[in-house]
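Undergrad: my questions concern the predicted model and sequence given below.
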Amino acid sequence: MSIAYVTGNQSKFQNATAFLQTVGVTIHQASVSVDEIQAGTGIEVAIRKAHDAYNQLQEPLFINDAEWAIPALGGFPGPYMKYIVGWLTQQDLLKLMEEKSDRSLILRDTVVYYDGSVEKVFTHEVHGKILTSPQGEPRGPFVTQIFSLRQDGKSIAEDTTIGFSEDEAILWAEFATWLKTHIPQA
């Protein structure tokens, strides 16, 4: 049995494939267009995406979604990071943080499995900080140069780790273990 990973991000798909293969789980990539609802939490957004994708594909699937929370800004941007990187610039976000002594940052990563009847949600938080200036070469959205999830303070853009970080692996291991025990021949 192969489970669909609904993502248009080739890098995310390759990382998940490499990790899940090591535990005997086979996946294939599916790219479908689903609306990203406005909701109070990333979990709500992820669940809706999984259900909408299932309605189109009619096969067991999972999605991976993330939200960023900045405690000094009341949890902003939460599930709205996708929009924020289009609305704000790097300097806008740094300006919002200028007078803040708390520069902490929380990445909430979510994986949702759905097969039309079984829905299972997995979440994991990674704590980091917002840097005071851009670091590293741009890779992806501008936040990769000003967000750090590492103990050494390197930005995401400076992180050359291939595959999942130790923190990400926790979430994926939990998901893989559940798949192996709850889904026949996963």
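TA: Good, I have the coordinates. Not measured: the values here are computed from a predicted model. Numbers count the residues shown, from 1 in each chain.
Undergrad: so the residue of the chain positioned farthest from its centre, which state does it fall into?
TA: For the chain, the residue at maximal distance from the C-alpha centroid (CA atoms, centre = their mean) is residue 99, at 28.3 Å. Per DSSP: H, G, I helix; E, B strand; the rest coil, the local secondary structure of residue 99 is coil.
Undergrad: then residue 23?
TA: Strictly by three-state DSSP, residue 23 counts as coil.
Undergrad: let me see the contact set for the residue nearest the centre of the chain.
TA: With distances taken as CA atoms, centre = their mean, the chain has residue 66 as the residue nearest its mean C-alpha position (3.3 Å). Residue 66 makes contact with 42, 81, 107-110, according to CB atoms under 8 Å, 6 or more residues apart in numbering. Just so you know, the C-beta spots here come from the backbone N, C-alpha and C atoms, and that holds for glycine as well.
Undergrad: could you check how far the residue farthest from the centre of the chain is from residue 77?
TA: Relative to residue 77, residue 99 is positioned 18 Å away (CB to CB, to the nearest Å).
Undergrad: the strand or helix carrying residue 68: what's the following helix or strand?
TA: Element membership of residue 68 [criterion: DSSP states H and E] is strand 61-69. Per DSSP H and E, the first helix or strand lying C-terminal to strand 61-69 is strand 77-78.
Undergrad: give the buried residues for the helix or strand just after that following strand.
TA: Counting by DSSP H and E, the element after strand 77-78 in chain order, helix or strand, is helix 81-87. Using 16 or more other CB atoms under 10 Å as the test for burial, helix 81-87 gives 81, 84-85.
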